[in-house]
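K.L.:
Predicted model and sequence below, questions to follow.
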Amino acid sequence: MASKVNGVVRVGLIGSGGISGAHGLGFIKYSDKIKCVALCDVSADNLKKRSDQLGGVSKQFNDWKVMLKEMGNEIDAVDICLPHNLHGPAILDAAAAGKHILCEKPMCTSLAEADQIADAVKKSGVTYMSAHNQLFMPVVQEAKRMIDAGVIGKVLWLRSQDCFRAGGEGGDPFKGSWRANAKTQGGGELIDTGYHPSYRLLYLAGAPVESVHGAMGRYVQRIEGEDTASVQVKFTNGVIGEILTSWAFPLPHGTHHIHIMGEKGEIFGSSNTLYHLPRGYDQPSRRNFSDVNTFEAEIGHFADVLREGKRPIHSVEEGRAVLELILKAGQSAEGWQTTAHVKPA
């Protein structure tokens, strides 16, 4: 068990643009137990924007190595919100400095790097948390509770989806960005937005992956990787799983973010609505949940994990498992680029 943090958790934010703004909302909401005390980014604009959001953060850096060295005992943890290819190096440096770690998805972009991270975290004794924010969706939490309680009996099949038209019907939302480049992105849509339905599937299945088959395409977005992926997964407990994820089209009509079939019935839902249809019934029951900002909940959970010395909901093992699933899907779909409808920019 990692050491506890006494009092308010002091965090250095590595990467102050993009998604860090959503993390910032969590620091604001849970300021009584976690506080961002240092910012790091190569962009002065990003540093100013994040500092302004957080009410002024005086310690600002352009290099995370310098931040880790100069802040010393002034920070307990880091929150990594960098482009995908920089996650691994930042995690390794933070672990070497003895800092607890929250890292945006994906944990890294290769299994060799994931194994380095696992070794470094174990040796340093720090806590590592994978920032899988959609685990905090009320429908996901309740579906997991119902599955574990045996409400639908033995699970047979499940699907997890996340689809939308990135940038709307026009424009080129990824032009000139690191997401358009397969090396800095680590792939395409599946290792980005597709990471969410992938870790949700693993969380709900509750068993290791046995085999993976993927199919990919690029239909709309001018990026080097895929903008759409369909993945079939077989789990060691016999459960069949499916992932559908896309930046080319919305969620197919009549389907849901999650759908689980069991021997005694089924559970399905999207956003804040969850349905339960017992076997033999014609109409499902419906439950509506209050809205939860999953990024805020994620930051609050990270604070509790460090202050109580407990394991996070997803750590290194889960981060590696979802990455392995995604990489195997890509290997399975090798050669799809030759039939892509849209050429990269």
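P.N.:
Nice, I can see it. Small disclaimer: the values here were computed from a predicted structure and weren't measured.
K.L.:
Spell out which residues make up each domain of this protein.
P.N.:
Listed by automatic domain parsing, the domain ranges of the chain are 9-126, 135-291+324-339.
K.L.:
so of these, which one's packed in deepest?
P.N.:
Greatest average neighbour count among those goes to domain 9-126 (a mean of 20), per mean count of other Cβ atoms under 10 Å. C-beta: built from backbone N, CA, C; applies to glycine.
K.L.:
Could you dump the domains of the chain into CSV and include distance to D304 and mean pLDDT?
P.N.:
What follows is the domains of the chain, written out as CSV (distance: least, Cβ to Cβ, whole Å; pLDDT from 0 to 100):
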stretch, distance to D304, mean pLDDT
domain 9-126, 7, 98
domain 135-291+324-339, 12, 96
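K.L.:
need the strands for the stretch 151-300 of the chain, in chain order.
P.N.:
Taking DSSP state E, counting those that start in this stretch, the strands of the stretch 151-300 of the chain run over residues 155-163, 209-217, 228-235, 240-246, 258-262, 265-270, 273-278, 285-288.
K.L.:
Can you lay out these as TSV showing distance to S20?
P.N.:
Listed next are these as TSV, based on distance: least, Cβ to Cβ, whole Å:
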stretch	distance to S20
strand 155-163	21
strand 209-217	29
strand 228-235	26
strand 240-246	23
strand 258-262	27
strand 265-270	27
strand 273-278	30
strand 285-288	31
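K.L.:
which residues of this protein fall in helices?
P.N.:
20-29, 44-53, 64-71, 87-96, 111-124, 138-148, 182-185, 195-205, 294-308, 316-332 (DSSP state H).
K.L.:
Please state the offset of the first one from the chain centre?
P.N.:
In terms of Cα atoms, centre = their mean, to the nearest Å, the centre of helix 20-29 is found 16 Å from the chain centre.
K.L.:
before we move on, what about the last one?
P.N.:
The chain centroid and the centroid of helix 316-332 are separated by 12 Å under Cα atoms, centre = their mean.
K.L.:
What are the contacting residues of it?
P.N.:
103, 105-111, 114-115, 117-118, 121, 128, 130, 132, 187, 190-191, 194-195, 198-199, 202-203, 208-209, 212-216, 229, 231, 233, 243 (Cβ atoms under 8 Å, 6 or more residues apart in numbering).
K.L.:
Can you give me the distance of the nearest residue to V305 once chain neighbours are set aside to R320?
P.N.:
Once flanking residues are discounted, V305 sits nearest to P312: 4.7 Å by Cβ to Cβ, 6 or more residues apart in numbering. P312 sits 14 Å away from R320, going by Cβ to Cβ, to the nearest Å.
K.L.:
Between these two, point out the one with more neighbours.
P.N.:
P312 (23 against 20; other Cβ atoms under 10 Å).
K.L.:
measure stretch 129-139 end to end?
P.N.:
Stretch 129-139 has an end-to-end distance of 21 Å (Cα to Cα, to the nearest Å).
K.L.:
gap between the residue positioned nearest the centre of the chain and G254?
P.N.:
Centroid-nearest residue in the chain: H132, 3.5 Å away (criterion: Cα atoms, centre = their mean). Note on H132: its distance to G254, by Cβ to Cβ, is 27 Å.
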